[in-house]
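Engineer: sharing a model that was predicted from the sequence below.
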Amino acid sequence: MSMFRQNKSTLKPYRVRPYKAKPYKWLVLAWCCAMIFASQCLADTIIDSRSRQINVQRPFKRIISLYGAHTENLFSLGLEDQIIGVSVNDSFPDQVQGKMKFSYHDDPEKFIANMPDLVLIRPMIDNGYPNFVKQLEKYGITVVSLQPATILEMYEYWLTLGKLTGKERQAQKMVSDFQEKTAMINTLAQGIPQKKKVYFQAIHSRMKTFTPGSMPIFALETAGGINVAADARASRSTNIAIYGKEQILDKASKIDVFLAQKGIMNPVHKEQIINEPGFKIIKAIKNNQVFLIDENIVSRPVPRLYTGIVTIGKLLYPDIFSQLNIEKD
């Protein structure tokens, strides 16, 4: 037993020495801190369609919207009290009637007098009225230009609006709700035995359609339709494509349904389409399968795009989609 005993007097006390980091470890630590700081700054920075970098220090509280989609989305996010002005053309939702009306044709002084901290525009205003935008920025008003072209861009756009206004959680819910609803429609559309081929008109007077990947074509395909103009190519970096009468008539025997958006962009009537010279040979014209749909529910990046999808579904396949209640769903 004695061989395992030690004389306590021979034991030296253990001293805890402070850790001395090697120089390179301090560099690693500094780099990590810098990355964390940079990521936090990046998370608060928004880059708009004009490549402006907006550092969102706090939610914007006095907002003027100059595009109907912005207005509709802001209301969907619960920002009625933060909206101090809307575009002169805005009509949805009904609450816009109680808001002051603004236009990019107005004198910038009208905007300045109402002291907005954020003016939401779209690229058309940026490109067509640069002096107007510069005047707003000169007086310290933050201007943000946004307009998504695809569904994925629409989701990012909603999240951007949420970040600008402090409604990130609500924006995420908008995205998840829309995705859940469209997934349900996709499941319903999979049961369609024979899908219809559709020509989707964007602008009748100029013989234009929508490009593949655009929101109207997403709505059509989600509802189970087949886009006969899948070979359409964008003009001027938009979601609109020139599709001449010759191209349309070349597919005349394949077009089961002729669908056209109707609104400010395409003020067309069904009779104009039916009586268009040469269109009598189109299968859809012969079978009276010509339908108009409100452009606001198929061409705008708003939650009502789901209403557009269901509406198209009911036009194409009434027996299958009649079970859906748009208002409820």
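Structural biologist: Ah, there it is. Since the structure is predicted, the reported quantities are computational estimates derived from the model, not experimental observations.
Engineer: make sure Tyr104 is actually in contact with Ile121.
Structural biologist: Yes - under the criterion of C-beta atoms under 8 Å, Tyr104 makes contact with Ile121 at 7.2 Å. Where you see a C-beta, it was placed from the backbone N, CA and C, and this is true even at glycine.
Engineer: just the helices in the stretch 51-200 of the chain please.
Structural biologist: Per DSSP state H, counting those that start in this stretch, the stretch 51-200 of the chain carries helices over the ranges 68-76, 108-113, 123-128, 130-138, 151-165, 168-189.
Engineer: for Gly263, give me its contacts.
Structural biologist: Residues in contact with Gly263, defined by C-beta atoms under 8 Å, 6 or more residues apart in numbering, are 294-296, 299.
Engineer: of these, which is the nearest to Arg233?
Structural biologist: Ser299 (18.5 Å; C-beta to C-beta).
Engineer: number of nearby residues for the closest residue to that closest one other than its chain neighbours?
Structural biologist: Excluding the flanking residues, the one nearest Ser299 by C-beta to C-beta, 6 or more residues apart in numbering is Pro216, at 5.6 Å. Look at Pro216: counted by other C-beta atoms under 10 Å, it has 27 neighbours.
Engineer: any idea of the mean pLDDT in the helix or strand containing Pro216?
Structural biologist: Assessed by DSSP states H and E, Pro216 sits inside helix 215-222. Mean pLDDT, helix 215-222: 97.
Engineer: can you list the strands that the helix or strand immediately after that helix in the chain pairs with?
Structural biologist: Using DSSP H and E, the helix or strand that follows helix 215-222 in sequence is strand 226-227. Sheet pairing of strand 226-227 (DSSP bridges) gives strand 197-203 (parallel).
Engineer: now the strand it pairs with, how far from the centre of its chain.
Structural biologist: The chain centre lies 21 Å from the centre of strand 197-203; the measure is C-alpha atoms, centre = their mean, to the nearest Å.
Engineer: cool, and stretch 190-209?
Structural biologist: Distance, centroid of stretch 190-209 to centroid of chain: 22 Å (C-alpha atoms, centre = their mean).
Engineer: over to stretch 164-174?
Structural biologist: That offset, for stretch 164-174, works out to 13 Å (C-alpha atoms, centre = their mean).
Engineer: list the buried ones in it?
Structural biologist: Within stretch 164-174, the residues that count as buried by 16 or more other C-beta atoms under 10 Å are 164-168, 170-171, 174.
Engineer: likewise stretch 90-107?
Structural biologist: 90, 96, 99, 102, 104.
Engineer: excluding covalently adjacent residues, which one is nearest to the residue positioned nearest the centre of the chain?
Structural biologist: The residue lying closest to the centre of the chain (C-alpha atoms, centre = their mean) is Met154, at 2.3 Å. Take Met154 and drop its neighbours on the chain: the residue closest to it by C-beta to C-beta, 6+ apart is Pro301, 4.1 Å away.
Engineer: surely the one you found and Met215 touch.
Structural biologist: Yes - between Pro301 and Met215 there is a contact under C-beta under 8 Å: 6.4 Å.
Engineer: joint contacts of those two?
Structural biologist: Met154.
Engineer: just the closest of the buried residues of stretch 90-107 to Ser49, please.
Structural biologist: When those are compared against Ser49 (criterion: C-beta to C-beta), the nearest one is Tyr104, at 15.5 Å.
Engineer: isn't the residue nearest to Ser299 right up against Gln201?
Structural biologist: No - if you go by C-beta under 8 Å, Pro216 and Gln201 don't touch, sitting 9.8 Å apart.
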